[in-house]
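Undergrad: please work out how this folds:
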Amino acid sequence: MARRVYLSRGEALEGDFRCLHCHYQVSASALRAGVQNRNHCPYCLWSRHVDWKKAGDRLATCMAEMQPIGLTLKATRKKYGPARAGELMLIHQCLGCGKLSINRIAADDNPGRLLEVFQGSFELDLQVKEQLVASSIDILLPEDRRLVTDQLFGKGSV
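TA: Model (predicted):
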């Protein structure tokens, strides 16, 4: 039997839930979100520290809010593909324990808010940048703006 993780007032993560940060009601439907393990709000992009070792395991005990701090690219296994290929991924940092995690962007995530997170990542402090390097997470940089806007809004849209 799958372990249920409760976000607030008895709401289980397997179903719809209320975001702890912005308080919007969030659908966890895989059809709507385009991901199997919805763990962040599509409006504000904040998450909750629910996964421990891998996405969807729901074994974390921290349960603190996780702030979206930047974007990265999913590693690809294509030997001869372009160096900067792969889908955009959201980087979260736990406000409780400091753990960094990478999450798939869902189909219904707010693209304008994703762009704000990307731009805000340029101002991260040195300690967080060092933690990203130590975790082997390559955060996207200002020179990756075209790549980000092409993936969020379509090629040549911005």
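Undergrad: on the three-state scheme, residue 92 is what?
TA: strand (DSSP: H, G, I helix; E, B strand; the rest coil).
Undergrad: the nearest residue to it once chain neighbours are set aside: what's it in contact with?
TA: Once flanking residues are discounted, residue 92 sits nearest to residue 66: 3.9 Å by CB to CB, 6 or more residues apart in numbering. C-beta coordinates here come from the backbone N, C-alpha and C atoms, glycine included. By CB atoms under 8 Å, 6 or more residues apart in numbering, residue 66 lies in contact with 40, 46, 47, 48, 49, 92, 93, 94, 95, 101.
Undergrad: mind checking which of those are buried?
TA: Using 16 or more other CB atoms under 10 Å as the burial test, these include 40, 46, 47, 48, 49, 92, 93, 94, 101 as buried.
Undergrad: output those as TSV; include the columns distance to residue 135.
TA: As requested, the buried ones among the contacts of residue 66 are arranged in TSV below (distance: CB to CB, whole Å):
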residue	distance to residue 135
40	18
46	20
47	16
48	19
49	15
92	12
93	10
94	12
101	9
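Undergrad: show me where pLDDT drops low in this structure?
TA: Filtered on pLDDT under 70, the chain yields the residue ranges 1-15, 33-34, 36-37, 52, 55-57, 59, 76-85, 157-158.
Undergrad: how about the strands in it?
TA: For the chain, the strands defined by DSSP state E cover 17-18, 25-26, 47-48, 65-73, 88-94, 100-104.
Undergrad: tell me the most buried of those?
TA: Per residue and on average, the most neighbours among those fall to strand 47-48, with a mean of 25 (mean count of other CB atoms under 10 Å).
Undergrad: which other helices and strands does that strand contact?
TA: The contact analysis (3 or more CB pairs under 8 Å, 6 or more residues apart in numbering; DSSP states H and E) places strand 47-48 against strand 65-73.
Undergrad: between the strand it packs on and strand 100-104, how many degrees?
TA: 60 degrees (axes from the mean of the first three to the mean of the last three CA atoms, to 10 degrees).
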